[in-house]
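Undergrad: quick one, fold the following:
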Amino acid sequence: MSTNVGKGTRAVRAGQLVAGARKRFPNGGQTLTLGGGATTVTVDAVCADLQKIIDNRAATTAAQATARDTVKAERAQAPALVQTMDEFEETVRFMFGADTKALADFGLKPPRARQPLTSAEKAEAAAKRKATRAAHGTTATTAASAPAPAPAAAPGSAQINQPKG
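TA: The predicted structure is shown next:
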């Protein structure tokens, strides 16, 4: 007897043992001694226990199939449902703004106030901006103060050179 047997194999073996017991022990009330004389049971009791193994495996397999189908359905529906939830939350936040009591009714927290930068963080940000402009060759601070590009010729307005004749 192997102890490293799969659950499906164990259920099949239990079914075979039940079939053999019904065939070879037609009197279900017959008493058998199991485990070297440790326990005495009837054939019907043994068959009932073996049938539990079969029934449990069948129920587990069916539950796993149902769970797989349920998970598959959830995964298929989740993107649309999450989008609806996110849009509803956005609408609630827009409607109630920073009203903490109203947001709490929906289980939402009010938006956090932005933390002002410390002087060290401001200096670091300015240094990064300066380094980025130097790396990109940008000298203007805004696009409006940068020189405008030369206007392109309008399509269809190109000059056509006609031969002199």
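Undergrad: could you list every helix and strand in contact with the one helix or strand residue 78 maps to?
TA: Using DSSP states H and E, residue 78 sits in helix 43-96. Packing partners of helix 43-96 (3 or more CB pairs under 8 Å, 6 or more residues apart in numbering; DSSP states H and E): helix 7-24, strand 31-34, helix 100-105. Glycine gets a C-beta too; all of them are placed from N, C-alpha and C.
Undergrad: mind listing what residue 76 touches?
TA: Residues in contact with residue 76 (CB atoms under 8 Å, 6 or more residues apart in numbering): none are found.
Undergrad: what count of nearby residues applies to residue 40?
TA: 11 (other CB atoms under 10 Å).
Undergrad: what residue ranges in the chain score low on pLDDT?
TA: 1-3, 141-165 (pLDDT under 70).
Undergrad: centroid-nearest residue for it?
TA: By CA atoms, centre = their mean, the chain has its centre lying nearest to residue 75, at 7.2 Å.
Undergrad: quick one: it from residue 81, how far?
TA: Separation of residue 75 from residue 81 (CB to CB, to the nearest Å): 11 Å.
Undergrad: one more: residue 99?
TA: Remark: distance between residue 99 and residue 81 (CB to CB) = 26 Å.
Undergrad: again, but for residue 26
TA: On the measure of CB to CB, residue 26 and residue 81 end up 59 Å apart.
Undergrad: again with residue 49
TA: 45 Å.
Undergrad: now do the same contact list for residue 4.
TA: By CB under 8 Å, 6+ apart, residue 4 has no neighbours at all.
Undergrad: assign it to helix, strand or coil.
TA: Secondary structure assignment for residue 4 (DSSP: H, G, I helix; E, B strand; the rest coil): coil.
Undergrad: quick one: residue 102 and residue 96 touch, right?
TA: Yes. Using CB atoms under 8 Å, residue 102 makes contact with residue 96 at a distance of 4.0 Å.
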